[in-house]
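Participant: Sequence below, structure please.
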Amino acid sequence: MRLFPKLLKRSIFYFILTTFTVILSCTKDESILLDDLDNNSLYAAKSSTNKAPVAIATASVTNGTAPIVVKFSSNSTDDKGISSYKWDFGNGITGTSVKSPSRTLKKSIVYNIKLTVRDANGLTSTDTIKVDLTGNNSSKGGLIAKAKASVINGNAPLVVKFSSESIDDKKVTGYAWDFGSGITPTTVHNPTRTLRKNGIYEVKLTVKDADGNTDSDIITINVGNVPDTSSSDDEGASNSNEEGTSNEEGTSNSPKFNPGNYPSNAVFASSFGFNSSDATSAFEKALKSGNSYIVIDKQSSDWIIQPTKFFDLRNKTIVFEPGVIIRPKSGSFSSSSQLFQLIRAQNVIIEGDGATFKMNNGQGKHALAIYKSNNITVRGLTLRESGGDGIYIAGDNNTGSYSQNITLDNVVSTDNKRHGLTIISAEDVYIKNSDFMRSSGSTTEVGVDLEPNNSSDRLVNINFDNCKFEGNDSSGFVIGTRSLTSSSTPISVQVKNSEFRGNDRSPHSSRPRTQLQLSQGSHNNPVTGDVRFENVEFNQSGNKIIFTKLSAKSYKVVFKDCSAENVSMNGRDPVIELQSLGVAQTMGGFTFENFKMEYDADVPFMRLQVPSNDIVKDIRGTFTIDEPNNNGLEVTGGYNTSNNQNVSINYKHIN
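Facilitator: Numbering: from 1, shown residues only. Next up is the predicted model:
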C-alpha cells in the first residue's frame with residue numbers, strides 16, 4: 001500500500017489513531033399537557049397516579065469474542081420521564097449513571113449487565129441483558145429481537161401499536177409478527193392491531209438480519225380484568241388513532257371506527273355537516289368547537305377543504321383516522337395559500353397514522369405550517385405534493401418569536417416542490433422516525449432546510465433521530481445561517497442514527513452538488529454554536545456527501561461514528577469538501593471522529609479548498625478508508641499547509 005500517493009499537487013497528513021469514546025445523550029420528556037389551562041398559569045398538568053418506569057436495556061453486541069467494545073443503551077419508558085440511570089456491569093468494571101455508556105469487555109465469559117432506572121417520584125425498575133463472549137452463540141451476530149407495545153393491559157376492544165426496537169451488528173432486514181387468536185400476522189415494521197376479546201395475548205416478533213440469522217421476542221398483552229381507563233384523555237391521545245389493520249396491511253376488512261374506541265368526550269368532524277365537494281365548514285367548526293378531542297373521521301370520499309388558518313387552539317387532540325386524505329379544493333388556492341395553519345397554538349396533538357395531507361401537484365404553498373406555537377406533537381402523517389414545504393415551522397411577524405417544544409414522529413414528507421421540512425425559528429424540536437424525500441421542482445428542492453430569516457430567529461436544540469433524507473433533487477439536509485450573526489442566539493442541532501441516500505439527483509445550477517450542505521453566508525460575523533452528526537450513514541451519492549463554507553469563527557461541527565458507502569460515483573468530486581470563505585480568511589471548526597468510507601471512485605476522501613492567504617485551523621479527524629486507489633487528503637487553491645493551526649487529520653487505508 002502506498003502511504004503517500006499522488007504527492008504532487010497534494011499535501012498528505014497520515015497517521016493512525018484509535019480511540020474508544022463514552023457517549024452521553026439525553027432525551028427530553030415529550031409528554032404533552034392535555035388538561036384545561038389553569039386561570040393563573042400558562043399550563044396545567046394532568047393529575048394522575050404515577051406509574052413505575054419500565055427498564056429496557058439494549059446492547060450493540062450480545063455475543064462475540066473478547067475483547068470487544070459494546071455500546072449499551074436505555075430504551076426505558078415512564079409516564080413522567082426517567083430521572084436517573086444506573087448501570088452495573090459486574091466483573092470489576094466501573095458502573096455508571098450515563099444513559100448510553102460504552103465498555104470494553106475483556107473476558108471470555110457471559111456478562112449479566114443490569115440497568116436500574118428511577119423516575120422523579122423514586123419508583124424504580126430493573127432490566128438485565130446478557131452479553132455472551134464464550135463463543136458458544138456467535139452464529140446470530142449481534143441480532144437481538146425486542147418487541148414493544150404502546151399498552152400492555154386494558155379493556156376490550158384494546159387498540160395496541162406494536163413496535164420493534166430490535167438491533168443487529170449490521171442491519172435488521174425483516175420482521176414477522178404473530179398475534180395468535182386468529183389475528184392476521186404481518187411483516188410490517190410497526191403494526192397496529194385491535195384486540196377485541198378478553199384474554200392473554202402472547203404476541204411474537206421474529207426478526208431477521210442480512211446474514212439470515214433470526215431471533216424472537218414475545219410480549220404479553222392482558223385484555224380484561226384490569227381497571228377501566230377508556231375515558232382517560234391520556235389513553236385516548238396515545239391509542240385512539242391506532243384502530244384497524246387496513247392501513248398496515250392494505251386490506252379492507254377492518255371495522256369502521258366507532259365511538260367506543262375513543263374517549264367519551266370525542267366529537268366527530270363529520271357531525272358538523274360533512275360535504276363531499278367542500279368540507280371546509282365541518283372541518284373548521286370541529287376544530288374551533290369547545291371539544292378537546294376531535295376525530296376527522298373516514299368518509300366515502302376525501303376531505304376537500306379550502307385554505308385553513310387556526311389561531312390560539314389550546315389543549316386539543318386532533319385524530320385523523322387511517323385512510324383520511326385532506327385535499328385542497330380546486331381553484332381555492334393561490335401560490336401563497338396553505339392547507340393547514342396553526343398560529344399561536346398551545347398543547348395540540350395531531351394523530352394521523354395512515355392519514356395524508358395531499359396537495360394538487362404543487363398547488364399552493366405549505367401543507368402544514370406551525371407559527372409561534374408551543375407543545376405541538378404531530379404523529380403518523382404523510383404530507384405530499386405541496387407547492388412549497390410539507391412542513392414549515394417558524395415564529396410569527398414579531399421580532400424574536402419562535403415555535404417551541406415541537407415533536408414530529410413517524411412523519412413522511414414527500415414529493416414537495418420546495419422542501420420536505422423548513423425550520424425558520426424554533427427551540428426544543430424533536431423529530432424522529434421520519435422521512436423527508438423527493439423534493440423537486442424549485443430552485444432549492446432539499447429534504448430539510450434550517451434557514452433563519454433574520455438575526456433574531458433561532459435554531460436551538462433541534463434534534464433528528466432515526467430519520468431518512470432520500471432522493472431529493474438537491475441536498476438532503478441544509479443548514480444556512482446567513483441571516484444570523486455573532487449576536488444571535490447560538491445554534492444547536494443534532495442528527496443521529498439517520499441516513500442520507502441518493503440525494504442530489506438533479507440540483508439547480510446555483511446549488512452545490514452534495515448530500516449535506518453547511519454554510520454561514522457571505523459575511524465574517526457568523527453565529528456560533530454546535531452542530532453534531534452521530535451514527536449517520538451516507539449512501540448512494542453521485543457527488544460529494546458533505547460540502548461546507550464555514551470560517552473557524554462560525555458554529556462548530558462534529559461527525560462521530562459516521563460512514564459513507566458508494567459515494568462520489570461520478571468520479572470527479574471528493575467525498576468531503578471543506579471550502580474556505582473568502583471574506584473570513586480562516587476555515588475550520590470541524591471534528592471527524594471514527595469516520596468510515598468505502599467507495600470505488602479515484603477521488604480523494606477529503607479536499608480542502610483554501611487560497612494562499614487564508615488559515616486552516618481547528619480541524620481534527622480520524623478516517624478509515626476502503627478504496628482501490630489509496631488517495632490521500634487533497635489541498636487546492638494555493639494554500640501552504642505549514643500555516644495550519646491545530647490541525648490533525650489522520651487516516652488509514654484498509655484495502
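
Participant: Show me the shaky parts of the stretch 51-200 of the chain.
Facilitator: Low-confidence segments of the stretch 51-200 of the chain (pLDDT under 70): 135-142.

Participant: 50 instead, please
Facilitator: Segments of the stretch 51-200 of the chain classed as low confidence (criterion: pLDDT under 50) are 137-139.

Participant: got it, and the chain?
Facilitator: By pLDDT under 50, the weakly predicted segments of the chain are 1-48, 137-139, 226-260.

Participant: Which residue ranges of it form helices?
Facilitator: If DSSP state H is used as the criterion, the helices of the chain fall at 233-239, 246-249, 280-288.

Participant: Give me the nearest residue to Val131, chain neighbours excluded.
Facilitator: In space, and not counting its chain neighbours, Val131 is closest to Tyr111: 4.3 Å by CB to CB, 6 or more residues apart in numbering. All C-beta atoms are positioned from the backbone trio N, CA, C, and that covers glycine.

Participant: Quick one: residues contacting the one you found.
Facilitator: Applying CB atoms under 8 Å, 6 or more residues apart in numbering to Tyr111 gives the contacts Phe89, Gly90, Asn91, Leu105, Lys130, Val131, Asp132, Leu133.

Participant: Equivalent analysis for Asp297, please.
Facilitator: Taking CB under 8 Å, 6+ apart as the definition, contacts of Asp297 comprise Phe257, Phe268, Ala269, Ser270, Glu321, Val324.

Participant: likewise Gly273?
Facilitator: Each residue near Gly273 by CB under 8 Å, 6+ apart is listed here: Ser281, Ala282, Lys285.

Participant: again, only using 10 Å
Facilitator: Contact partners of Gly273, counting by CB atoms under 10 Å, 6 or more residues apart in numbering, are Ala279, Ser281, Ala282, Lys285, Ala286.

Participant: List buried members of those residues by neighbour count.
Facilitator: A residue is treated as buried here by neighbour count (16 or more other CB atoms under 10 Å); on that basis the buried members of those are Ala279, Ala282, Ala286.

Participant: Roughly how far does the residue nearest to Val131 sit from Gly521?
Facilitator: To Gly521, Tyr111 is 51 Å away according to CB to CB, to the nearest Å.

Participant: What is the neighbour count of His508?
Facilitator: When counting by other CB atoms under 10 Å, one arrives at 11 neighbours for His508.

Participant: Spatially, what comes nearest to it if we skip its sequence neighbours?
Facilitator: Sequence neighbours aside, Thr443 is the residue nearest to His508 in space, at 4.8 Å (criterion: CB to CB, 6+ apart).

Participant: Give me the distance between Lys208 and Lys170.
Facilitator: With distances taken as CB to CB, Lys208 is found 11 Å from Lys170.

Participant: and for the two, which residues touch both?
Facilitator: With the criterion set as CB under 10 Å, 6+ apart, the overlap between the contacts of Lys208 and Lys170 is Leu143.

Participant: More neighbours: which of these two?
Facilitator: Neighbours of Lys208 and Lys170, each counted by other CB under 10 Å, are more numerous for Lys208; the result is 19 against 12.

Participant: for the residue nearest to Asp457 when sequence neighbours are not counted, what are its contacts?
Facilitator: Computed as CB to CB, 6+ apart, the closest residue to Asp457 that is not its neighbour in sequence is Ser425, at 3.7 Å. By CB under 10 Å, 6+ apart, the contact list for Ser425 reads 371-372, 393-396, 400-404, 452-454, 456-460, 489.

Participant: Of these, just the buried ones, PyMOL syntax please.
Facilitator: If you want just the buried ones from the contacts of Ser425 in PyMOL, going by 16+ other CB under 10 Å, the selection is:
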select buried, resi 371+372+393+394+395+401+402+403+404+452+456+457+458+459+460+489
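
Participant: Restricted to strands, list the contacts of Ser425.
Facilitator: Using DSSP state E, Tyr371, Ile393, Ala394, Ser403, Gln404, Leu459, Val460 are the members of the contacts of Ser425 that sit in strands.

Participant: Dump these to JSON lines, plus distance to Gln515.
Facilitator: JSON lines is the format used below for these (distance: CB to CB, whole Å):
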{"residue": "Tyr371", "distance to Gln515": "30"}
{"residue": "Ile393", "distance to Gln515": "22"}
{"residue": "Ala394", "distance to Gln515": "25"}
{"residue": "Ser403", "distance to Gln515": "27"}
{"residue": "Gln404", "distance to Gln515": "29"}
{"residue": "Leu459", "distance to Gln515": "20"}
{"residue": "Val460", "distance to Gln515": "25"}
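
Participant: one step back: tabulate the contacts of Asp297 (JSON lines), appending distance to Arg418.
Facilitator: Formatted as JSON lines, the entries for the contacts of Asp297 read as follows, by distance: CB to CB, whole Å:
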{"residue": "Phe257", "distance to Arg418": "34"}
{"residue": "Phe268", "distance to Arg418": "34"}
{"residue": "Ala269", "distance to Arg418": "29"}
{"residue": "Ser270", "distance to Arg418": "33"}
{"residue": "Glu321", "distance to Arg418": "29"}
{"residue": "Val324", "distance to Arg418": "25"}
